[in-house]
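1. what shape does this take:
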Amino acid sequence: MPHLILRVTTKMFFAPILLFALYVQFHGDYGPGGGFQAGVIFAVAFILHALCFGLEETKKALPQRALTIAMALGVMFYAGTGLATMLLGGNFLGYDALAPHSTHHEGQHYGILLVEFGVGLAVASTMLTVFYHFAGREPEIDPEDW
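-> Next up is the predicted model:
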């Protein structure tokens, strides 16, 4: 993209968007937000990068292979937290089993953080994978035929 102002603005906003995604991620158990919203915000930063600098440049920064691994890790965090609670003698995603002797429900806090992290990871990588596939497909009609 030859527009210098858009390129500089994108570079300026990229890191704050990622930082806001992390804020939403780690404060989702205290207020609005959580894994899904944080995952979408995280993916938006890379989609903005791709729109300004091109899909190939974004794929160099975050390759499809890394996204595939992140999708699997997100699901494993979610399911692994549930499996851990079952192995500790609780119900599936019964977070109190993670800290059974706590009087302040610490297990709830740990469990929600782990599950929301898994959801955020899975959502961000899935959104970017969908974007990569749609943006990278070959057009069926030449631009001159429109």
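
2. Thr68 versus Leu22, what's the distance?
-> To Thr68, Leu22 is 22 Å away according to Cβ to Cβ, to the nearest Å. Heads up, the C-betas are built off the backbone N, CA and C, glycines and all.

3. any idea of the pLDDT on Leu88?
-> Note for Leu88: predicted pLDDT of 92.

4. can you give me the end-to-end span of stretch 25-42?
-> Distance across stretch 25-42, first residue to last, is 10 Å (Cα to Cα, to the nearest Å).

5. what average pLDDT does that stretch get?
-> 84.

6. again, but for stretch 133-146
-> 80.

7. touching that stretch from outside, list them.
-> Stretch 133-146 has contacts (Cβ atoms under 8 Å, 6 or more residues apart in numbering) with Ala50, Leu55.

8. what of stretch 19-36?
-> Here stretch 19-36 makes contact (Cβ under 8 Å, 6+ apart) with 37-39, 41-42, 45, 109, 112-113, 115-124.

9. that one spans what distance, first to last residue?
-> With Cα to Cα applied, stretch 19-36 spans 15 Å between its terminal residues.

10. buried set for that stretch?
-> Buried positions in stretch 19-36, judged by neighbour count with 16 or more other Cβ atoms under 10 Å: Phe20, Ala21, Val24, Gln25, Phe26, Gly28, Gly33, Gly34, Gly35, Phe36.

11. quickly name whichever of the residues you listed is closest to Phe53.
-> Ala21 (19.1 Å; Cβ to Cβ).

12. distance-wise, check Thr81 relative to Phe36.
-> 16 Å.

13. what segments of the protein are strands?
-> Assigned by DSSP state E, the strands in the chain number zero.

14. which residues of it score low on pLDDT?
-> Low-confidence segments of the chain (pLDDT under 70): 1, 29, 31-32, 146.

15. in it, which helix is the longest?
-> Using DSSP state H, we find that the single longest helix of the chain is helix 106-135.

16. same question for that one: list its buried residues.
-> Going by neighbour count (16+ other Cβ under 10 Å), the buried part of helix 106-135 is 107-129, 131-132.

17. so who does Gly89 touch?
-> Ala97, Pro100.

18. pretty sure Gly82 contacts Leu88?
-> No: with contact defined as Cβ atoms under 8 Å, Gly82 does not count as touching Leu88 (10.9 Å).
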